[in-house]
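*Asks:* Dropping a prediction and its sequence here:
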Amino acid sequence: MVAREEVLPVAKRAPKNKTLTRIWSFRYIYLFLAPALIWYLIFAYYPMYGILIAFKDFKYNLGILGSPWEGFRYFKQFLNDSSFYDVLRNTLSISALKLLFGFPAPLILALMLNTISNGKFKRIFQTISYLPHFVSWVVVVTLLQKILSPNVGLINDIREHMGLDPIFFMGNPNLFYPLVVLSDIWKGVGWGAIIYLAALTNIDPHLYEAAQIDGAGRWSTLFKITLPCLTPTIAILLIFSLSGILNAGFDQIYLMQTPATLSVSEILDTYVLKTGIQQGQFAYSTAIGLFKSVISLLLIVVVNKVSKRLSDTSLW
Amino acid sequence: MGVRKMSLPDRIYTTLNYTALLVFCVTALYPFIYFLALSFNDGYDAMKGGIYFLPRIYTLENYSKAFHNPLVLNSFFISVARTVTVTVLSVLLTAMLAYALSRKGLPGRKFIVFFFFFTTLFSGGLIPTFILYRQLHMLNTFSVLVLPSLYNFFNAIIMKTFFDGIPAGLTESAKIDGAGELSVFSRIILPLSLPVLATIALFVGVGTWNDWFTGQFFIQNEKLQPAATFLNKMISEASFESMTSSSGGSSIQNMNQAQMELRGVTPEALRMTFVIIITTPIICVYPFLQKYFVKGVLVGSLKE
């Protein structure tokens, strides 16, 4: 069944078997699929095969298979390295803070937008709220650096007028997490609200009418009708967020970190990049990357299963 | 809800709601206005501070210098060439994939979907990908800016869902008239799917335009550097000015010094200008596709 569909009839003879007939009738569809299959084999599956170098002392001239085996040496190496635990702690801290403050933000924005009855205002608000989503993190970090710059940045410029000392925001480890969470919300909240807004328009208006007749106020309508109706949407988005807990946001963190904040800002992805591409420790870096990929895969499978059982919502 | 006459608490709530949303919109827009003002202001004058909304000493010198710099121009040329190539190819290839997946009764469909879906859950990671590019001799060539960005399975799902909504009668009657798969795809499916094609083109185009990573780590040749990477190198030079930065950006430094000598243009003013130039195409495009991409996001969020 599964293995057979790759058997494309090469010769132009009438197939005998029923399955083969069906496959033959779809031959042009397989041609439509062919570029994608080839691309995914090269750009997605070949790198998965390349994971083998995590267990090898990789040398370019020997190739992936030809390089000598090292077993779990590199895994032991990072598991015994205290800086790995700092990196892991930073990753989890940033993700947890983003989940705690960033996850509810689009929901709140959607609820606020939903109570606006003037369609024109609503559309203008929404259009503006999407803007930060469409610009690159490079641009966002440039904006942030200028606005927070100790050297005539917007905030410090205003502070100076008020007679206050300038603060070097981007170089202060204590301010790194708040800045990460705030800029993440700034960039993503409008875009994130799209899904909730659509779910809100799908709520049966009869429910609201009934609640109004029963004399329910704004808040009890929110907690008894609106939020329960949004639960499946919230659950799906939470699955995504939870399974991405080891990600923490590579682009943002890499671009925002400064040498002064490295102790709190180094995350798994930036660590993999630095040990791998910048220091050339291919096997070590791949081992850490694999650790991350496997945990993430397990997380999404488990979280999906739990969500299926609890709320009947799942990704697949 | 709207017909009811507003009570006092309602009125307070509405006022607070509008105020909060207004503040939020100002926060989203203001940084760009701030940069716009700075980009039109004399660079040395801007160092004194106090420019918030409008330029104080208006000048076009920053833009003129940016557009006359070969490195800046070249990076935009690369970005445009790359974005156009990737967008056109990706939309076409993704549509082909989506069309195949939307065909009912395709033998092996379940396995094929899993083959693609699995790659969204698990990947080889950075170093194996880097080694792949090296083995294929893609590093430092235009191909590394194009080939890896051609497919994204979520985009294929968005398109597939749209194709599923096209009445089967249309394609069937065409087939009875003797149309092959290719002509059904190009004469019926594609013309009827312009909204979703525009949405995916926007997603892919913006993603490619904004990608700084590929240029930063897989390209060393300055002639092949995309604009986003160039901007990033300009920033890192600024924030690590005091440090002995290891990243090779010597010619950017030279450029900055050369510009400095010209009155009125500072490296910082050039950065502000660069941000405005790189953001303008996006601001010009996305508002017009709003009603399409909103639908696209929703489809993408539904499960397969």
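*Replies:* Yes, it's here.
*Asks:* Next, please give the residue ranges for the strands of the stretch 151-300 of chain A.
*Replies:* In the stretch 151-300 of chain A, no strands are found when defined by DSSP state E, counting those that start in this stretch.
*Asks:* All the helices of the stretch 151-300 of chain A, residue numbers only.
*Replies:* A:154-161, A:173-201, A:205-213, A:218-221, A:227-243, A:250-256, A:262-265, A:268-273, A:282-311 (DSSP state H, counting those that start in this stretch).
*Asks:* With chain B in mind, check whether the second one reaches it.
*Replies:* If I follow you right, that is helix A:173-201. Yes - using CB under 8 Å from any CB of the partner chain, we find that helix A:173-201 touches chain B at A:186, A:189-191, A:194-195, A:198. (Glycine included, C-beta is placed from N, CA and C.)
*Asks:* How far does that helix sit from its chain's centre?
*Replies:* 12 Å (CA atoms, centre = their mean, to the nearest Å).
*Asks:* just the last one next, same as before
*Replies:* The chain centroid and the centroid of helix A:282-311 are separated by 13 Å, computed with CA atoms, centre = their mean.
*Asks:* go on, stretch B:227-239?
*Replies:* Put simply, stretch B:227-239 sits 17 Å off its chain's centre (CA atoms, centre = their mean).
*Asks:* Provide the contact partners of that stretch at residue level.
*Replies:* Residues from elsewhere that reach stretch B:227-239 (CB atoms under 8 Å, 6 or more residues apart in numbering or on different chains): A:136, A:138-139, A:141-142, A:145, A:170, A:255, A:258, B:71-72, B:75-76, B:78-79, B:209-216, B:219, B:225, B:245, B:247, B:249, B:252-253, B:256, B:267-268, B:270-271, B:274-275, B:277-278.
*Asks:* name the element the most centrally placed residue in chain B belongs to?
*Replies:* In chain B, the centroid-proximal residue (CA atoms, centre = their mean) is B:V206; its distance is 1.7 Å. Element membership for B:V206, per DSSP states H and E: helix B:194-210.
*Asks:* Can you list the buried residues in that helix?
*Replies:* For helix B:194-210, burial by neighbour count (16 or more other CB atoms under 10 Å in any protein chain shown) applies to B:196-210.
*Asks:* could you flag which of the contacts of stretch B:227-239 are buried?
*Replies:* Among the contacts of stretch B:227-239, those classed as buried by 16+ other CB under 10 Å are A:136, A:138-139, A:141-142, A:145, A:170, A:255, A:258, B:71-72, B:75-76, B:78-79, B:209-216, B:219, B:225, B:249, B:252, B:256, B:267-268, B:270-271, B:274-275, B:277-278.
*Asks:* Of all the residues in whichever strand or helix holds A:Y46, which ones are buried?
*Replies:* Using DSSP H and E, A:Y46 sits within helix A:46-49. For helix A:46-49, a neighbour-count test (16+ other CB under 10 Å) marks A:46-48 as buried.
*Asks:* For it, enumerate the helices and strands it packs against.
*Replies:* With contacts taken as 3 or more CB pairs under 8 Å, 6 or more residues apart in numbering or on different chains; DSSP states H and E, helix A:46-49 sits against helix B:126-135.
*Asks:* Past the helix it packs on, which element shows up next along the chain?
*Replies:* Note on helix B:126-135: by DSSP H and E, the next helix or strand toward the C-terminus is helix B:143-146.
*Asks:* Quick one: list the elements packing against that next one.
*Replies:* helix B:70-102, helix B:213-218.
*Asks:* Whether the last one contacts chain A - can you check?
*Replies:* It stands for helix B:213-218. Yes - Helix B:213-218 comes into contact with chain A (CB under 8 Å from any CB), by way of B:213, B:217.
*Asks:* Output the helices of the stretch 151-300 of chain A as JSON lines; include the columns mean pLDDT and distance to B:V91.
*Replies:* Compiled in JSON lines, those are given as follows (pLDDT from 0 to 100; distance: least, CB to CB, whole Å):
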{"stretch": "helix A:154-161", "mean pLDDT": "90", "distance to B:V91": "39"}
{"stretch": "helix A:173-201", "mean pLDDT": "94", "distance to B:V91": "21"}
{"stretch": "helix A:205-213", "mean pLDDT": "88", "distance to B:V91": "38"}
{"stretch": "helix A:218-221", "mean pLDDT": "86", "distance to B:V91": "43"}
{"stretch": "helix A:227-243", "mean pLDDT": "87", "distance to B:V91": "25"}
{"stretch": "helix A:250-256", "mean pLDDT": "96", "distance to B:V91": "24"}
{"stretch": "helix A:262-265", "mean pLDDT": "95", "distance to B:V91": "37"}
{"stretch": "helix A:268-273", "mean pLDDT": "96", "distance to B:V91": "29"}
{"stretch": "helix A:282-311", "mean pLDDT": "91", "distance to B:V91": "28"}
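*Asks:* Mind putting those helices into a markdown table with distance to B:R11?
*Replies:* As requested, the helices of the stretch 151-300 of chain A are arranged in a markdown table below (distance: least, CB to CB, whole Å):
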| stretch | distance to B:R11 |
| --- | --- |
| helix A:154-161 | 33 |
| helix A:173-201 | 22 |
| helix A:205-213 | 18 |
| helix A:218-221 | 12 |
| helix A:227-243 | 24 |
| helix A:250-256 | 40 |
| helix A:262-265 | 45 |
| helix A:268-273 | 48 |
| helix A:282-311 | 37 |
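*Asks:* Identify whichever of the ones you listed lies nearest to B:M6.
*Replies:* Of all the helices of the stretch 151-300 of chain A, helix A:218-221 sits nearest to B:M6, with 11.9 Å by CB to CB.
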